[in-house]
Structures are given as structure tokens and as C-alpha cells.
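[1] Could you work out the structure for the sequence below:
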Amino acid sequence: MRSEEQAVMRALRNRRQGAVLVYQGPAGVGKTYAAHDLLRRAGVRAQSLPATLPLTDWPVRLLPARALPGWAEAALRRLPDGDGALSALAALIAAHAPLGVVVDDLHDAPSAQAAALRTLANLLGRARGVALLFTTRHTTPGNLDICVVEPLDMTGTAALCAGELGPNLPPEVNAWVHGRARGNPLFTLEYLRFLVRSGHLYSDGQRWHWRGPDEARLPGRIEALIDLTLDRAGPRRAVLEARATVPDAPLDVWAKVAGLDVVDLQDGVADLTQQGLLGGTHASFSHPLYAEVLRAQTMPEQGRTLARRALAAYHGDPLRAVDFIDGAGMPGPEATALLERAAASAQARGLNAQAGALLARASVLAAPERRAQLAGQAAELLQGHDLPLALTLALQTLDVPALAARTLPLAATLSARVGGRAALDTLLAAQPAGPLVESARVLALQNIGDHVGALARWDALDAAQRGAASVPVRSAVAMALLGTGRRHDAARELEAMLAGVLSEPERQRLLGIQVMLLFHQGEYRAAADQAESTARSMEDAGNGVGASALWHNRAAFLRMLGELEGAMDSVRRALALRQRLGDARGYASSLGMQGELHLERGELDLAEDALSEAQGVLTYSDGAHFLLNNLGMLTSLYTLSDAPLSGELALHHARRALRLAQELDNPRLLVETLADASRAHARAGQGERALELSAQALERAGTLSADPRTVSRNGVARGLALEVLGRRAEALTALWAAEATAREHLGDYEADRVALDVARISGDRDALRALEQRFAARGQGLGVLLACRALGSTPGGSVAPAGELRLRVLGSLELDGVPVRGELRRTLLLRLLEARLQGRAEVARLALADDLYRGRPEAQALGALKQGVAALRAAAGHDVILTTPGGYALGTLPSDAAAFLDSLDLSVWRGPLPPETGEALREALHAALLRAAQATLDTDPAASARAGRLLWEEDTLDEGALGLTLEALRRTDNHRSLSRLYGAARESFSGVGVALPERWQDYLSARFP
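    Sure thing, here's the model as predicted:
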């Protein structure tokens, strides 16, 4: 909160003076929202009035005062400018204190009205408990305090969304809303409500779920508001319509599209900028949605006229001109020629995806004899960007023998990726038999993960055919060798190819395979680094397919290293690329990887969501290899969970995975699946079966190239099976060996995971605590969860026993460990808690209704309160809120606030109080926190510093909190944080005319001599 707003808050809380503040900013930035939000946080009633409303109408719009002096009653009748009239109006407003009056759009007020409003502001500045807040687009004359409003950034959007629906919204929601609303608070809330109403954002009572809309439809209320705003353009609307047609065009092009000369256009731009519809150095729309509404409302004939003018204006720039082909109704031959010119221009700039899309359009409009040729060129350009479209185009070329020889491998690969094995077989069966078809089959089978099938087809070729195979086919063979555990054979094949003459795309493809070879050799850091550099090179070259695979694989490598944030970033890149490509199976595979990362971070619910969604796609798509990976992740998830049914679910998925691995007949995958199944049976207490499966895994692993990851996994599986059988010494021996292998080859994260089982079985609580701290320091939530489980505690400290409700307010507001969503529910709980802590038996219904539903008629407010109580009881249990003779009271659930007031234990505080906390409760808790922090200063200055920082961030003009925090930081020798905090404090105090000493040392020596 800025210092100007803090001054308003203090004035309203202290009731010693009035406050006047001007919110200034461009149209649509959220000035009115900021004003009302400030009054909401201050807990006072708000009254909105337009600045253009004649002052004579103000008394009617304000509620009648209980009693006014006789002179004021008479003077009000002399508004707007009679003797004492403005003083009487100020007295009327002050009689309703505490009150905030929001006067919107001061820039629209006539000069006489604006002068009167400034006089009224001076009068109300002396009225106790009254805030007068103006909004304007222009600078305001006089000495009024100004608060400049900027659009919400991504963080601000997320905070606003969290305030509306709770703190645990999926991050994709905030990104989607911010991308559409662009920081406008009103639009942000409207889009959020649109998502909830349309079912794209829904809650199951525990958490929110997100399914992005296929198209970003404009909510009706936003369109209506924008339409009203655009009406201000009047005769200048043609300038706006032209700008919506060519939103980033230079002035001369814009003028041609508008049908104006440049001078007239400049006059129109100046006028529209003054109105707040355009802004910035390039005269862009104040909000991008303005252009969207204008385009939607343009009549067809007018749209054609604008598009034809744009075509003519962009005659020398084919890449820009093609955007107007359809709108202008350009004839086919002319359109084809323009599209080909634009594609050539795009290729010259390295824009292969754009060039491919342009040639695809041209192939539809071209003469029949040229369509296949253009389709083939487009397919080659689009294979790394849009799989379904590239496949459609490639298939169009196969009837032309001269083109088929070049495009069949591409068509086969795309058929397998998009349609699965059945589509591949159908395609190749229609082609003349021969080496070309078999090479294409090898390439395609490898692309859908059928390593065994690809190698079988390769082995069926004779030596001459294998020698003549292309680099893509041979690279597919190398990947298949890796996928079946023949690491040394794959290394020899890769070395031979790298020694030959290669094109840049071929070299990048081989580097991608080398990445996988490094992984199978246990060199995870080298694999991750090379995966990143190669993926970026592929993206620059337009190979989205290859890049997405490498980002996915890099996520797996970083997971092995325990770098979960980097891994999550990589998998999100893979998901974004695969979504754009239209690669459903690849997207589902990466979604499964994201689920695994959620699991590693200890986010078991999110992991289950992602893996289950991926399972739904992979079950009904070809590519058993990907399905098997996901089943293995689900097996691990339920093996590690302690939920009641998790043991049965782990066995269910383990059995499915084992059947599928046996059908695939892939030795490496079968070994991994056997180890997973062994752990699932151990989790279910079936020790004999677990030991049998681990023995099979160990036996089969002996036929593969040595893989440290496999050796360690198998050792863990054997150790856990032996533990279930009560053979503790043998279990520890197996786990020690597995830990040693992991420590030498796989890194500390994997080794610590094994060490956790060793410490648990050994009963070494000191080791478990050390491991918990290491996992926590590295952000590895699953390790923390498992270590705490072994210690009999929970992450983050103690929580309520199962079945007991606990209200937590010293940080995020939680009930029984679940965040409380909805402002009204949160406010209701906090008001009832405040009453209990104050020793009151109940809160009266009318008092609650007035607090929660201010401004509604009494009957409606009481009905809404009853519904709100019922909804909260339905969500959290009937005993949460008790009905009393006169109202409601909090049920018998313990709260961390009560515990803190009893103990003054600083560790209970988790963060800032919820924004809905009432002032009485807030002041009591903050006063107790300050006392506790001062008492702890000598024994635990770090804890005191944290507490003091919480208090100072709540009120940056609180010298008690500032001095405590600075002294605590000094005692911990944290001079960097101390200097930053003191610099921020000096800036805050200077904003209200208070100068602190330049050096923090001087400030502290005065307070702590």
C-alpha cells in the first residue's frame, strides 16, 4: 500500500481528520476499483457519485442525516454556490462518518463544477472519519494528494484473483486472465466470473480445476462497457475502425486505410488520445479489447472497404498484405501469387512455420496442377509446428510419384504420431512395396515408442538397404537400441553417424540422441545441459517436435538431480510446444511428467490430477510405451501415498503396467516395471511376492548394459521387500549398496531418498531430521513429506489430529488444513473468532448481516447470511458455527490465534493476517506479536526480525515495528537486509514529511542507546 493510501487509512481508523486523495491514470486502468478497494479495506461504507452530477443533486443521493444544524438545512437549498452551501454539503457528508465518497471522472466535470469540488475537498479534509476520493485521467490542479494507478501486473492480477476465489488457483488461470484483461481490475473480475460460470474453472469442494477455453469469448458485460466507452469517439470512430484494422501500422498506412490525409488523421489521434481511447508513442488502443469490439461491430461492406485499402497500402510488403486477402475478397489466382510471395519472404527471414502456413493456404487456392507441389513444400515446413496439418498436406502428395519418394517417410512418421499404428499400416499398405516403405516404417515405429518393432524391421533389411538408409532412419535405430537397453550398440551407431557429413538438422537430431545416451550412462548434468542447448537450437530452426522431446527429457534429467523448479520449467515448455503442435499423445506424456514432478514436490493431489488426465488420453491412443510410463508413475504415486485406498490402487496400476510391459517385450522397460511392481507389493505388505518380483528384475537387468539407475532401483526394491519379511539386516545391506551406487552415479537427491529408507528402518531419528532439513532446503517436498512421516510429524510443524477442526488465521486463512475461499465466508469466520477472543458469547444476526451484506435491505441481508452459514456448514461440518439465541458463535474448534495469545510463541505465525480481519482483532494480534518479538529479541533475534518485518509491512509508518526489526537484523549481522529495509522506511516516511537519519546506525543508536 502506498503512503498516500496509508494516510487515508489512518484518517478513517483514527477518526481525527478527513482525507482527500486523487486516483489518476488512463481509461480502463482501474482507478474506481482502487478507490473502492481502499474503502473496503478501511471497513467504511462507500458512496459513488459522478463528477458531472450537479451539486444540487448530491443531497438526494446521500442518505438523510440524523440531525443537521438549521443553518445547514437552509444552505443546502442554495447549492451549488450560495453562501455557505458547500460548507453545508460538507456537514451533510460528515454527518454520515465513517464514510468514503468516490467522485468518478473529475476530468469530465465543467470548470465551475471542478472548482467547487476542489473547495469541497478542502472542507472535507478537516471532517473526521470522511474520505473524499476522486478519479481522473488528467493531472489535477491544486495541492491534492495524487496516487497514480497503473495496470495490474501479473502478480497484481494473481492477488486480485486470489482475493476473489482463494489463494490456490492454478497458475494457468492467472496467466489466461491477465492475457485478456491486461491489468484492468474490472475486466479481470469479469473474466474470472466468466470462467466459473462457463465451467472452465470449477471446484470440487477441495481445490480449483482448470480447463482452458478453446476461444476467448468476450463476456457480455465487458463488451457493453467497452461499447459505451467507444461511443465517446463520435465522428472520430472511423479513425478507431481503421486502427483496429491495422493496429500497428505507421501513420501513412493508417491514414490510407482511414481514407484521410495525414494531417486530419493526426488531429483525430490527438482528440482520441485526450479522450483516453488511444495512448502511447504509437497511438495504440488504451486496451486491446477495444480493437476486438470494433472489429466485431464493423459492418461487412465497411470491413471489405477497410481490407481493400489495407491491401493497397501494403502492396510492397506481402507478409503484411496477406492478412487482408479474405477480408478484401481477393480472387484465387491473385491470392495464390501473393501468398507465394509472402511465403518466400517469410523463409528468407527464417520464419518457416509462417511460410508453411502461407503455402498451405496457397495450395487450397492454386490451380489443380500445382496443389500437390505446394502442399509438399508446406508439409516439410510445418512438420515441426503443426502435426495434423502437416500430415494432411503430406498425404496430398503421395499420388504424385515424383513427390512421394521425398514425402513418404514424413507422411509415415506423422501418420504414426497422429493416428497410431493402424493409420501407419493403412498408409504403407497402399504404397508400392520396397526399401522406401520399410525405412519409413522403421522411422515411424520408433516415433511411437515401439523400439522392439523398429529394430525387427531394421534387422529384416539387407546390408545394402541398411547402408543406403538416411540419417533420420539410422538415428531412429540408435534411439531404439537405447530404448531396449543396448547402450553400447547405440553408442557405436551414433559415433559412426557423427563422423559423416551432416546437414544442420541432421546434426541436431544426432545431438538429441547423444543426450539420451548421456542419460543412460548416468551423466545427468551433461545430459540436461546438452538437452537445453540442443532444444533451443531446434526451436530456432523451427523443429518444435524435436525441441519438445528434449525439453521433456531435460525435465526427467533435472528430476533425477533433484532440481525440481528447473524440471517444472522444462516440462511446461514441452507442454506448450506440444499443445501448439497438436500432438495429443506427446502432450499427455508431458502431462504425466508434470504429474511426476508434482509428486516429487510433495503435491500428491496435483500429481494425481495430472497423471489421471494423462492416463485418460493415453489409454485410448496408440503408443503403449507412453502409457506404460504413466502407469509406472501412478504406481509410484500410490505406493508413496498413505491415503486409505492407496495400497490397492498401487497394486492395480502395477498389475496393468506389468501386463503391458510383458506384451511390449522390451527388456529395459520390463526391468523398470518389475521394480515398481515389487515396491507396490511391499507397500501392500505382500513381502514374498515383492521379493519374487525384485529377484526377476535383478535377473533380467543382468542381460542389459550396466545402468546405475537400474542397479539402484532394483536394490531399493529388494531392500523394501526384505523389510516387509522382517529380514532387517539383509534389507539394510541391500539399501546401503543401493545408496552407494546412487551417491556415486546419480547424485545426492537420489542417494538421499535411499538414505531416508535406511534411516527409517534403522530408527535413526537424527538422520531423519537431517534429511528432512536437506530436502526442505532444496525444495524437495516429497522427501520432506516422507521424512516427516517416518518421524511421526507433518511438514511445517504440528497440525490438528485427524478429525479435529482447526482454524488458522496467522497467515493464510485455513479451516482443517484447507484454504477458506470466498470473501464472505472468510469474513464470517473472522468476525466470529474475534467475538470469541473478546469473550463475547455471540454476534448478533443484524450486526453480521450489516457487516457482510452492507447496503442490502435488511430482509435480503438476513436471508443471505443464513445461506452463507449453511454453505459453510455444508463444506466444513455443522459444528463449525453454532446458532445462539441472538445470532451465531464459533464452534468449539481451536485456533492458532488463541494459542498464540496464550503462549506468545512466534513460531505459530506463518504470514500476514487475512485481509478480511477486523481492525479490533488485527490490532490485538499485532500488539501481542510486537510484545512477543520484543521479549524474544535477546534469545532469538532472527525470529524477532521475522515478526517485526510482518508488522512493518502491514504499516510501513510504524516506528515500533521498524526499530525492532532493524535491531533484530543488526543482532543477526544481516546488514544487507537491514540497509534495504531502512532505505525503504526512509522513503515511506519522507512521503509524509518525516525525515529519518541518513544512516541506520544513527537511527538505532537513538532508539537503543
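[2] Quick check on residue 278: phi, psi?
    Per-residue torsions, residue 278: phi -120, psi 160 (degrees, to the nearest 10).
[3] ok, now which ones touch it?
    Shown in contact with residue 278 (C-beta atoms under 8 Å, 6 or more residues apart in numbering): 240, 243, 269, 272, 284, 285, 286. Backbone N, C-alpha and C define where each C-beta goes, glycine included.
[4] switch to 10 Å and redo it
    26-27, 233, 236, 239-240, 243, 268-272, 284-286, 290 (C-beta atoms under 10 Å, 6 or more residues apart in numbering).
[5] filter those residues to the buried ones?
    Neighbour counting by 16 or more other C-beta atoms under 10 Å classes 26-27, 233, 236, 239-240, 243, 268-269, 271-272, 285-286, 290 among those as buried.
[6] Redo these as CSV? Include distance to residue 251.
    Below are these laid out as CSV (distance: C-beta to C-beta, whole Å):
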residue, distance to residue 251
26, 21
27, 22
233, 18
236, 15
239, 11
240, 15
243, 11
268, 11
269, 8
271, 15
272, 14
285, 16
286, 18
290, 19
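[7] okay, who's weakest in those by pLDDT?
    pLDDT is lowest at residue 27 among the buried ones among the contacts of residue 278; the value there is 70.
[8] thinking that residue is in contact with residue 233, fair?
    No - with contacts counted by C-beta atoms under 10 Å, residue 27 stays clear of residue 233, the gap being 11.8 Å.
[9] what sits in contact with each of these two?
    275, 277, 278, 290.
[10] what's near enough to touch the last one?
    Shown here is residue 290, whose contacts under the criterion C-beta under 10 Å, 6+ apart are 27-28, 226-227, 229-230, 233, 240, 243-244, 247, 277-278, 284.
[11] Out of the residues you listed, which sit inside helices?
    In helices, defined here by DSSP state H, the members of these are 226, 227, 229, 230, 240, 243, 244.
[12] what number of residues lie near the closest residue in space to the first one that isn't next to it in sequence?
    Taking C-beta to C-beta, 6 or more residues apart in numbering, and ignoring the residues beside it in sequence, residue 226 has residue 293 as its nearest neighbour in space, at 4.7 Å. Around residue 293 sit 22 other residues, with neighbours defined as other C-beta atoms under 10 Å.
[13] what's the answer for residue 247, then?
    Counted with other C-beta under 10 Å, residue 247 comes out at 15.
[14] how close does the residue nearest to it when sequence neighbours are not counted sit to residue 152?
    Nearest residue to residue 247 in three dimensions, chain neighbours excluded: residue 291, at 5.6 Å (C-beta to C-beta, 6+ apart). As judged by C-beta to C-beta, to the nearest Å, residue 291 and residue 152 stand 20 Å apart.
[15] between these two, which one's more packed in?
    Between residue 291 and residue 152, residue 152 has the larger neighbour count (other C-beta under 10 Å), namely 25 against 18.
[16] My reading is that that one is in a helix; is that accurate?
    No - counting by DSSP: H, G, I helix; E, B strand; the rest coil, residue 152 is not part of a helix but coil.
[17] tell me the contacts of it?
    So residue 152 contacts 29-30, 33-34, 158-161, 177-178, 181-185, 187-188 (C-beta under 10 Å, 6+ apart).
[18] Surely residue 348 is in contact with residue 355?
    Yes - contact criterion C-beta under 10 Å: residue 348 and residue 355 qualify, at 8.9 Å.
[19] can you map out the helices along the stretch 351-500 of the chain?
    Secondary structure of the stretch 351-500 of the chain by DSSP state H, counting those that start in this stretch: the helices cover 352-365, 368-382, 387-395, 401-429, 435-447, 451-460, 463-467, 471-483, 487-498.
[20] actually the stretch 851-1000 of the chain, sorry about that
    According to DSSP H, counting those that start in this stretch, the helices that the stretch 851-1000 of the chain contains are 858-876, 896-903, 919-935, 941-954, 959-971, 975-990, 1000-1007.
[21] comparing these, which gets the lowest mean pLDDT score?
    helix 858-876 (a mean of 76).
[22] ok now it, how far from the chain's centre?
    Helix 858-876 has its C-alpha centroid displaced from the chain centroid by 32 Å (C-alpha atoms, centre = their mean, to the nearest Å).
[23] and that helix, what other elements does it pack with?
    strand 814-815, helix 823-837, helix 845-852, strand 881-883, strand 887-890 (3 or more C-beta pairs under 10 Å, 6 or more residues apart in numbering; DSSP states H and E).
[24] could those be laid out in TSV, adding mean pLDDT?
    Formatted as TSV, the helices and strands packed on helix 858-876 follow (pLDDT from 0 to 100):
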stretch	mean pLDDT
strand 814-815	84
helix 823-837	85
helix 845-852	82
strand 881-883	87
strand 887-890	87
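[25] related to what we said a few turns ago, just curious, which of the buried ones among the contacts of residue 278 is nearest to residue 311?
    residue 243 (17.0 Å; C-beta to C-beta).
[26] Neighbours of the residue nearest to the closest one when sequence neighbours are not counted, how many?
    Of all residues not flanking residue 243 in the chain, residue 254 sits nearest, at 6.4 Å (C-beta to C-beta, 6+ apart). By the criterion of other C-beta under 10 Å, residue 254 has 23 neighbours.
[27] distance of residue 254 from residue 280?
    With the distance defined as C-beta to C-beta, residue 254 ends up 14 Å from residue 280.
[28] ditto for residue 690
    Here residue 690 is placed at a distance of 66 Å from residue 280 (C-beta to C-beta).
[29] which residues does the residue most central in space within the chain contact?
    Nearest to the geometric centre of the chain sits residue 171, at 2.0 Å (C-alpha atoms, centre = their mean). Listed by C-beta under 10 Å, 6+ apart, the contact set of residue 171 reads 154, 158, 210, 572.
[30] Wait, the third one touches residue 198, no?
    Okay, so that is residue 210. No - with contact defined as C-beta under 10 Å, residue 210 and residue 198 do not form a contacting pair (12.0 Å).
[31] State whether residue 547 and residue 512 are indeed in contact, as I suppose.
    Yes - judged on C-beta under 10 Å, residue 547 makes contact with residue 512 at a distance of 9.1 Å.
[32] in the protein, which helix or strand is least confident?
    Taking mean pLDDT, DSSP states H and E as the measure, the helix or strand of the chain with the lowest value is helix 70-76, at a mean of 68.
[33] which is the next helix or strand following that one?
    helix 85-94 (DSSP states H and E).
[34] Just the C-alpha atoms of that following helix, please, in CSV.
    What follows is helix 85-94, C-alpha atoms only, in CSV (Å, rounded to 0.1, in the frame of the first residue of the first chain):
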residue,chain,number,x,y,z
ALA,A,85,-23.8,26.0,0.6
LEU,A,86,-20.6,24.0,0.2
SER,A,87,-20.0,24.1,3.9
ALA,A,88,-23.5,22.7,4.4
LEU,A,89,-22.8,19.9,1.9
ALA,A,90,-19.6,19.1,3.7
ALA,A,91,-21.5,19.0,7.0
LEU,A,92,-24.1,16.6,5.4
ILE,A,93,-21.4,14.3,4.3
ALA,A,94,-19.5,14.4,7.6
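[35] list the buried ones in that helix?
    Buried residues in helix 85-94 (16+ other C-beta under 10 Å): 85, 86, 88, 89, 90, 91, 92, 93, 94.
[36] Find the nearest non-adjacent residue to the last one, please.
    Looking back up the chat, that one is residue 94. residue 127 (3.9 Å).
[37] circling back: shouldn't the residue nearest to residue 247 be within a helix?
    Yes - assigned with three-state DSSP, residue 291 falls within a helix.
[38] Test my guess that it contacts residue 241.
    Yes - contact criterion C-beta under 10 Å: residue 291 and residue 241 qualify, at 9.5 Å.
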